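Undergrad: sequence plus predicted model, see below.
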Amino acid sequence: MSSCLNLDGGFTVESDKCKYTDDAIISDYKYETTIVEGNVVKPVETKMQFKTEKKVGKTGVMLVGLGGNNGCTCVAGAIANKLG
């Protein structure tokens, strides 16, 4: 049985693979897979690093299209993003 719990605030990850800076969260990940070539099986390991910016970008939302013309919809989207 599983349950879902909503958090009121933020949370942090305590791991040697996760680092917090003032601007971003940097995490290291190791992807492991196997390649099979004929009768030979080779384990393959790929190391990756992910960087997540802490600052949330400003994005506008257009709820209603203007008319239905693609040009008007494009202009309205640009205005929505500009005005936020």
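TA: Right, received. Where do you want to start?

Undergrad: partners of the helix or strand encompassing Met48 in the sheet?
TA: Using DSSP states H and E, Met48 falls within strand 40-53. When pairing is defined by DSSP bridges, strand 40-53 lines up against strand 24-37 (antiparallel).

Undergrad: average pLDDT across the partner strand?
TA: Averaged over strand 24-37, pLDDT sits at 95.

Undergrad: all further residue positions should be reported with the first residue as 6.
TA: Shifting the count to begin at 6 puts that one at strand 29-42.

Undergrad: residues in contact with it?
TA: Here strand 29-42 makes contact (CB atoms under 8 Å, 6 or more residues apart in numbering) with 18, 20, 22-25, 46-59. Using the backbone N, CA and C atoms, a C-beta is placed for each residue, glycine as well.

Undergrad: follow-up on the earlier one: with only the CA atoms kept, save the strand holding Met53 in PDB.
TA: C-alpha atoms of strand 45-58 as PDB (Å, rounded to 0.1, in the frame of the first residue of the first chain):
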ATOM      1  CA  VAL A  45      29.400 -11.500 -25.400                       C
ATOM      2  CA  VAL A  46      27.700  -9.500 -22.700                       C
ATOM      3  CA  LYS A  47      29.300  -6.100 -21.700                       C
ATOM      4  CA  PRO A  48      28.200  -4.000 -18.800                       C
ATOM      5  CA  VAL A  49      28.200  -0.300 -19.700                       C
ATOM      6  CA  GLU A  50      28.200   2.600 -17.200                       C
ATOM      7  CA  THR A  51      27.500   6.200 -18.200                       C
ATOM      8  CA  LYS A  52      28.100   9.000 -15.600                       C
ATOM      9  CA  MET A  53      25.900  12.100 -15.900                       C
ATOM     10  CA  GLN A  54      25.600  15.300 -14.000                       C
ATOM     11  CA  PHE A  55      22.400  17.300 -13.800                       C
ATOM     12  CA  LYS A  56      22.200  21.000 -12.800                       C
ATOM     13  CA  THR A  57      18.900  22.500 -11.800                       C
ATOM     14  CA  GLU A  58      18.600  26.200 -11.400                       C
END
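
Undergrad: right, I'll call it a day here.
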